[in-house]
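Novice: Quick one, fold the following:
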Amino acid sequence: MEYKMGKDLDANVNHFNEVLAVDQSFDLMHRVFEIAGKKACFYFIDGFAKDDMLQKIMQYFMGLKEEDNPKDIYELLKKDVPYAEIDKVSKEDDIITNVLSGVSVLFVDGCDEAIAIDCRTYPARSVDEPEKDKVLRGSRDGFVETIVFNTALIRRRIRSPSLIMKMMQVGKSSKTDVVVSYMDDRVDHKLLEEVIKKIENVQVDSLSMNQESLVECIDKRRWYNPFPKYKYSERPDTTAACLLEGSIVILVDTSPAAMILPASLFSITEEADEYYFPPITGTYLRLSHMIITIVALLITPTFLLLMKNPEWIPDSFQFIKVKEDINISLIWQFLILEFALDGLRLAAVSTPDMLNTPLSIVAGLILGDFTVSSGWFNAETMLYMAFVAIANYTQTSFELGYALKFFRIILLLATNWFNIWGYVGGLIFVVVCFACNKTITGKRYLYPLIPFNARELGHRFFRVSLPKSRNQ
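Specialist: Residues are numbered from 1 along each chain as shown. Below you'll find the predicted structure:
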């Protein structure tokens, strides 16, 4: 049963001391003092309280005298403390949530409502350029784990009253802050209402994995579908550009990335560098990125097919044949190297920065020289998998990169088992999977290729002077 606030300060303090476990948590502070002869109590989290602002408020309280006779502390604070957000709270859940979120809560004897004073600050790192979404030219700031900083970075770029930031809380225990951002005059309001309703109806204890936890709650897609339905970006400039195109952006506290929806294959593969250079250069970067992605998907299955059918290789390309003896079947070499690349990636993530470069060089030498000379791998398979490894880093979306990896493995297995028919059937399977997949709005994943829209498709392949507004 929910506790009902009364006017007896001692009863209120005793109850919330027990509920908040003040005696057991060293960082949860409560201070009892007097305001103009009235007994009062402050609750706040030590690591969240902004010390200078809290000190000013306490000095203001200490300066009040009994003859000042403040009848309404709330109205007095609203009038004399304009540098902090002040609100009344009376429900037990609201009071607990405010305190644990870092808001200082004031109880005054004789009042059956508490006063929430928002003078908090969150620990945060600097807004440096994200490691994954780097650009050759352009802005060098990036999102951080503090949601207020992230909304400010977007506000800095869009100074329009149409930009709406709707705050919600998700998670029974975590009560994680989630912001849905959109341009009110450009967004698809039907999709917006659907997204907000899904977030409001999420029943989960906590968003322990922040955005991924939220996605799995609001998007009940099939577990075997590897395609990303959201575009993730750690860049505020990219996020602001998508908002201006009518997209919806979801920010989750403690996550340094924005979820952008709706998203199709073409929008996910777009990069900021394409817009920081002139149209001709941006078009070249876009087309080269697409070509590299397609080649990375097909190069190892195609090589395997040609090695199984060497008579198909033209005379001018005879040099691509494997020269040394093949001790281990080519299909097993490719599969082992696919897993080895993931192992190297995980090792690079877990390696301290000071050791990352030398260990990467040692790993490259071991895999590139000793594994070939030992007979485990042929030089040709190492070469093509090295290209695949480098090409993977041109893909900013980890989710799409792994989806392409799964399809490449399927193509390799189909080609090894069924030769040319397996290769062709695998290609048809990949195309059908892309064509039949849908965005969260119900449109095809390959729009504007399927269904065909010539003008929109041209904008996807060729960078124009100004990006057009489009909906996936």
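
Novice: where does the stretch 1-150 of the chain have low pLDDT?
Specialist: For the stretch 1-150 of the chain, the stretches with pLDDT under 70 are 67-71.

Novice: all strands of it, in order?
Specialist: Ranges of strands in the stretch 1-150 of the chain, per DSSP state E, counting those that start in this stretch, are 28-35, 38-45, 85-89, 104-108, 114-118.

Novice: I'd like these as a markdown table, with mean neighbour count and distance to Ser181 appended.
Specialist: To be clear about C-beta, it is placed using only N, CA and C from the backbone, and glycine gets the same treatment. A markdown table is the format used below for those (neighbours: other Cβ atoms under 10 Å; distance: least, Cβ to Cβ, whole Å):
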| stretch | mean neighbour count | distance to Ser181 |
| --- | --- | --- |
| strand 28-35 | 15 | 32 |
| strand 38-45 | 20 | 27 |
| strand 85-89 | 15 | 20 |
| strand 104-108 | 22 | 27 |
| strand 114-118 | 21 | 20 |
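
Novice: Would you tell me which helix is longest in this structure?
Specialist: The longest helix of the chain (DSSP state H) is helix 398-436.

Novice: what's the average pLDDT for that helix?
Specialist: Average pLDDT, helix 398-436: 93.

Novice: Which SSE is immediately downstream of that helix?
Specialist: Once helix 398-436 ends, the next helix or strand along the chain (criterion: DSSP states H and E) is helix 454-461.

Novice: and that following helix, what other elements does it pack with?
Specialist: helix 279-308 (3 or more Cβ pairs under 8 Å, 6 or more residues apart in numbering; DSSP states H and E).

Novice: chain center to the helix or strand just after the helix it packs on: distance?
Specialist: Scanning forward in sequence from helix 279-308 by DSSP H and E, the next helix or strand is helix 330-350. Relative to its chain's centre, helix 330-350 lies at 25 Å (Cα atoms, centre = their mean, to the nearest Å).

Novice: ok, now stretch 197-214?
Specialist: With Cα atoms, centre = their mean, you get 14 Å for stretch 197-214.

Novice: Quick one: residues in contact with it.
Specialist: Residues outside stretch 197-214 that contact it (Cβ atoms under 8 Å, 6 or more residues apart in numbering): 168, 170-174, 176, 178, 180, 217-218, 232, 250, 252-255, 257, 259.

Novice: can you rerun that using 10 Å?
Specialist: Contacts to stretch 197-214, defined as Cβ atoms under 10 Å, 6 or more residues apart in numbering, come from residues 145, 166, 168-178, 180, 215-220, 230, 232, 250-259, 399, 440.

Novice: now do stretch 401-409
Specialist: Under Cβ under 10 Å, 6+ apart, the answer for stretch 401-409 is 224-228, 265, 293-294, 296-301, 334-335, 338-339, 341-342, 388, 391-395, 397, 426-427, 429-430, 433-434, 437.

Novice: Drop anything exposed from those.
Specialist: 226-228, 265, 293, 296-301, 334-335, 338, 341, 388, 391-392, 395, 397, 426-427, 430, 433-434, 437 (16 or more other Cβ atoms under 10 Å).

Novice: Tell me who's in contact with Val424.
Specialist: Leu305, Ala414, Thr415, Phe418.

Novice: do you know how far it is from Leu337?
Specialist: 24 Å (Cβ to Cβ, to the nearest Å).

Novice: now the stretch 201-350 of the chain, which segments are flagged as low pLDDT?
Specialist: 221-223.

Novice: my read: Glu338 touches Ile410, true?
Specialist: No. With contact defined as Cβ atoms under 10 Å, Glu338 and Ile410 do not form a contacting pair (11.6 Å).

Novice: tally of neighbours for the closest residue in space to Lys308 that isn't next to it in sequence?
Specialist: Nearest residue to Lys308, sequence neighbours excluded (Cβ to Cβ, 6 or more residues apart in numbering): Asn419, at 5.8 Å. Applying other Cβ atoms under 10 Å, we find 14 residues neighbouring Asn419.
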